[in-house]
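A.B. asks: Would you be able to build a 3D model of this:
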Amino acid sequence: MPKNLDLTDNLEKYIIDHSENLNDIQKEIINYNSSLGDQKKLQISISQAQFLQTLIKTSNIKRVLEIGSFTGFSALSMALVLPKDGSLISLDKNSEFSNKAKSFYKKANENKITQIIKPAIESLDELKNSKKKFDLIFIDADKENYINYYEKCMDLVNKNGLIIIDNVLWHGEVADKSKNDKFTNIIRDFNKHIQKDNRVSKNIIPIGDGLTICIKK
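C.D. replies: Below you'll find the model as predicted:
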């Protein structure tokens, strides 16, 4: 078997430097998030953003739903590669972060993004009632509701559509039996839930803090 790489910060930087370039507004969001102290961890990694962009460009994705937007890096990254008739709905209950994200979307002249600022569980029910369907759903919000979000998204994603979930490796702690804190166990339970779900094909990709890719059958 080939040797597994240790994805150090230095190697991650090399990968980013030799992949698709970020635009100026993406860089501005990253710089802004770096000023937020510990909250900057709420941003997805650059390599994850590039991966999502590749999926969108190669999978004929037009309708995207995002659960958890923070300051807009992931939403903007996805919207930038959507076709002209594409759209992205972003759900987040934090008005301060959402307003900041909106300012970045405006700077980028990106008008494919619609924000809904309220608890995501409420928004998901409203989207279901309005018969909305999506080609890709990206979940990166409060971990306590991961299973609830996932189950509601099953009614919102098209057949052969993607549900992608962030933080499923939880800093590697899910595989460390000595770690039994609340959030590690929440992610473990979520991963078991997905593993047993025969409605989807699924794989965990070790990018950033881990992405689970589910394809609805």
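A.B. asks: Assign a three-state SS to residue 214, would you?
C.D. replies: Taking DSSP: H, G, I helix; E, B strand; the rest coil as the rule, one finds residue 214 in the strand state.
A.B. asks: For it, name its beta-bridge partners.
C.D. replies: residue 163, residue 202 (DSSP bridges).
A.B. asks: Could you pull up the residues touching it?
C.D. replies: 162, 163, 164, 165, 194, 197, 200, 201, 202 (CB atoms under 8 Å, 6 or more residues apart in numbering). In this view, the C-beta of every residue, glycine as well, is placed from N, C-alpha and C.
A.B. asks: cutoff 10 Å now
C.D. replies: Residues in contact with residue 214 (CB atoms under 10 Å, 6 or more residues apart in numbering) are 137, 139, 150, 153-154, 157, 161-165, 194, 197, 199-203.
A.B. asks: Find the centremost residue of the chain, please.
C.D. replies: The C-alpha lying nearest the average C-alpha coordinate of the chain belongs to residue 138 (CA atoms, centre = their mean; 4.1 Å).
A.B. asks: Packing partners of the lowest-mean-pLDDT helix or strand in the chain?
C.D. replies: One helix or strand of the chain scores below all others by mean pLDDT, DSSP states H and E: helix 9-17, with a mean of 87. Other elements packing on helix 9-17 under the criterion 3 or more CB pairs under 10 Å, 6 or more residues apart in numbering; DSSP states H and E are helix 46-58.
A.B. asks: State the mean pLDDT of the helix it packs on.
C.D. replies: For helix 46-58, mean pLDDT is 96.
A.B. asks: Which positions in it come out as buried?
C.D. replies: Of all the residues in helix 46-58, those buried under the rule 16 or more other CB atoms under 10 Å are 46, 47, 48, 49, 50, 51, 52, 53, 55, 56.
A.B. asks: Excluding chain neighbours, give the residue nearest to residue 176 in space.
C.D. replies: residue 184 (8.0 Å; CB to CB, 6 or more residues apart in numbering).
A.B. asks: Quick check: that neighbour vs residue 101, distance?
C.D. replies: 29 Å (CB to CB, to the nearest Å).
A.B. asks: Of the two, which one has the most company?
C.D. replies: residue 101 (25 against 17; other CB atoms under 10 Å).
A.B. asks: contacting residues around the more buried one?
C.D. replies: Contacts for residue 101 (CB under 10 Å, 6+ apart) come out as 29, 69-76, 90, 92, 94, 113, 115, 117.
A.B. asks: before we move on, the earlier item: name the element the residue nearest to the centre of the chain belongs to?
C.D. replies: Element membership of residue 138 [criterion: DSSP states H and E] is strand 134-139.
A.B. asks: where in the chain is pLDDT low?
C.D. replies: Across the chain, the ranges flagged by pLDDT under 70 are 1-3.
A.B. asks: Could you quantify the relative orientation of the one helix or strand the residue nearest to residue 176 maps to and strand 134-139 as an angle?
C.D. replies: Taking DSSP H and E as the criterion, residue 184 maps to helix 182-195. Calculated by axes from the mean of the first three to the mean of the last three CA atoms, to 10 degrees, helix 182-195 forms an angle of 150 degrees with strand 134-139.
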